[in-house]
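**Q** How does the following fold in three dimensions:
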Amino acid sequence: MKNHSKIVDRNQAEKLLRFINFLIDYFFTYLLVILLYAVMMVIYSFVSGIDYLIVADKVSNINSFLDRLVTAFFYALFMYLTEMISKGRSLGKLITGTMVVKENGGLPTGNDFLKRNFSRIVPFDALSFLGSLGWHDSWSDTRVVKRKSYLEALERENSIEDIGKLAEA
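**A** Down below sits the predicted model:
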């Protein structure tokens, strides 16, 4: 595969877009986690025969560290599955018109998405964007690009290469 790192660099999403992605994804995933907790409590209540309100009270008194750890795990899992299924686009990225690519311009692999999303569990990952790249981008060798301009730039480069090949023939 041809290295398109210059195109990736020129089309990287600005920090404001990345922040908007984060807010949308976090809000959506938070709602999913609440829904998941509610479904698990209903199932547990039904299976155990314990009243739902008692189960809800126990869950509301869960250790805050454990709650944050479980929530972070589900956030990483949901983001991994979303980006894996949609080939690099979460709900936030769909709304803002961005996508994840490898730093060389290729499509990230399942392992890349796994590294990218589970490194989000590391405390202060969100603050790592105060530098040039966030940790989950650096550690997975991925970048978030503005999809439309990135794909147009790739198309232009491929068109120029095709013209060169025709001229050689």
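
**Q** Closest to the geometric centre of this protein, which residue is that? Let me know.
**A** In the chain, the centroid-proximal residue (C-alpha atoms, centre = their mean) is Met79; its distance is 4.7 Å.

**Q** Over to that residue. Which of the three states is it?
**A** Assigned with DSSP: H, G, I helix; E, B strand; the rest coil, Met79 falls in the helix class.

**Q** Please name the nearest non-neighbouring residue to it.
**A** Leaving aside its chain neighbours, Met79 sits nearest to Asn117 (4.4 Å; criterion: C-beta to C-beta, 6 or more residues apart in numbering). C-beta coordinates here come from the backbone N, C-alpha and C atoms, glycine included.

**Q** And for Asp51?
**A** Distances taken as C-beta to C-beta, 6+ apart place Ser45 nearest to Asp51, at 6.8 Å, with adjacent residues excluded.

**Q** Pull the contacting residues for that neighbour.
**A** Asp51, Tyr52, Val55 (C-beta atoms under 8 Å, 6 or more residues apart in numbering).

**Q** again, 10 Å this time
**A** Applying C-beta atoms under 10 Å, 6 or more residues apart in numbering to Ser45 gives the contacts Asp51, Tyr52, Leu53, Ile54, Val55, Ala56.

**Q** Over to Gly131?
**A** Ser138.

**Q** Relative to Ala76, how far out is the nearest residue to Gly110 once chain neighbours are set aside?
**A** Residue nearest to Gly110 in three dimensions, not counting chain neighbours: Met84, with 5.9 Å by C-beta to C-beta, 6+ apart. Distance from Met84 to Ala76, counting by C-beta to C-beta, to the nearest Å: 12 Å.

**Q** For the closest residue to Phe74 other than its chain neighbours, give me its contacts.
**A** With C-beta to C-beta, 6+ apart as the criterion, Phe74 has its nearest non-adjacent residue at 4.9 Å, and that residue is Val33. Val33 is in contact with Asp67, Val70, Thr71, Ala72, Phe73, Phe74, Tyr75, Leu77, Phe78, counting by C-beta under 10 Å, 6+ apart.

**Q** In a markdown table: these, plus distance to Leu17, secondary structure and neighbour count.
**A** Formatted as a markdown table, the contacts of Val33 follow (distance: C-beta to C-beta, whole Å; DSSP: H, G, I helix; E, B strand; the rest coil; neighbours: other C-beta atoms under 10 Å):
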| residue | distance to Leu17 | secondary structure | neighbour count |
| --- | --- | --- | --- |
| Asp67 | 30 | helix | 15 |
| Val70 | 29 | helix | 15 |
| Thr71 | 25 | helix | 16 |
| Ala72 | 23 | helix | 17 |
| Phe73 | 26 | helix | 13 |
| Phe74 | 24 | helix | 16 |
| Tyr75 | 20 | helix | 20 |
| Leu77 | 24 | helix | 15 |
| Phe78 | 20 | helix | 20 |
